[in-house]
Every structure is written in structure tokens, then in C-alpha cells.
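Asks: pasting the structure only:
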């Protein structure tokens with residue numbers, strides 16, 4: 001019986017150690033896509049339950065709900081980022097009329113923010129999250 005209990009505890013600890021990311025789910029993510037010669041001004045705010053509000057200059061706000069697969073993907077991507085190591089801004093100052101992707105992620109009571117401009121080199125985990133958010137924005141606008 002003791003061996004079984006020890007094995008059960010070991011398996012639970014191993015499974016907990018295999019979870020992705022920080023283990024803390026986001027409460028809200030806001031992604032913005034702004035700037036450029038075209039003057040883009042788009043944003044999407046997504047709650048932890050997948051409810052979203054999409055805003056685009058000159059158009060009425062739109063609301064909806066993401067699929068459970070998209071919510072899981074966002075949780076996994078956001079959870080894999082070491083937010084303390086993320087800089088406030090990644091850009092290439094040589095680029096005129098840059099497009100900026102803004103990212104604000106609320107985890108617990110902390111809000112992490114970064115901004116990535118054309119030519120900026122964020123960590124790959126941040127770039128993956130931005131790519132997913134851009135796809136979601138484009139799909140729902």
C-alpha cells in the first residue's frame with residue numbers, strides 16, 4: 001500500500017512538472033496592430049473565457065467568442081513566456097512608417113506589456129504569441 005501511495009504521489013508530481021509555461025493562466029490579453037503607411041489602427045481584447053472585443057478605426061466594435069482550441073493555444077503560448085525577461089519595446093529605429101504590434105497580458109494582478117515594431121526581434125515565444133494573435137485578429141475582423 002505504501003509503495004502504491006508513493007508511486008501515486010510521484011506520478012502526480014511528475015505530471016505537475018510537465019505542465020507548460022508558468023502555470024498561471026492569463027486573465028486578459030490585448031493585442032494591437034497600428035501604424036504603417038496605411039495607418040492601421042486595430043485591436044482585440046480577449047478575456048480568459050474567450051470572449052473578445054475587436055476594434056478597428058472607422059468601424060463599429062465587434063464582439064464574439066473564440067474557439068476552445070484558440071483559447072488553449074493562447075494559454076499555452078502566453079504561459080511559455082518568461083515575462084520578466086521581456087523588454088518594453090523591440091524595434092528597428094531605421095524603419096520609417098513602422099507597423100507596431102502591442103501586447104498587454106494580465107496574469108493575476110500583474111500586467112505585462114511589450115511593443116514590437118517592424119524589424120524588431122522579440123524572443124521567439126513572444127513572436128509566436130504575436131503571430132497567433134494576428135491570425136485571430138485577421139480571422140475575426
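Replies: Now that the structure is in, tell me what you want to look at. Remember, it's a predicted structure, so these values are computed and weren't measured experimentally.
Asks: Spell out the residue ranges of the strands in the protein.
Replies: For the chain, applying DSSP state E gives strands covering 26-35, 40-47, 51-56, 62-65, 89-90, 99-107, 110-117.
Asks: Could I get the buried residue list for the second one?
Replies: Think strand 40-47. Under the neighbour-count criterion of 16 or more other Cβ atoms under 10 Å, strand 40-47 has 42, 43, 44, 45, 46, 47 buried. Backbone N, C-alpha and C define where each C-beta goes, glycine included.
Asks: want to throw those residues into a markdown table with pLDDT?
Replies: Listed next are those as a markdown table, based on pLDDT from 0 to 100:
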| residue | pLDDT |
| --- | --- |
| 42 | 98 |
| 43 | 98 |
| 44 | 98 |
| 45 | 98 |
| 46 | 98 |
| 47 | 98 |
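Asks: Please list all residues in contact with residue 123.
Replies: Each residue near residue 123 by Cβ atoms under 8 Å, 6 or more residues apart in numbering is listed here: 81, 82, 85, 86.
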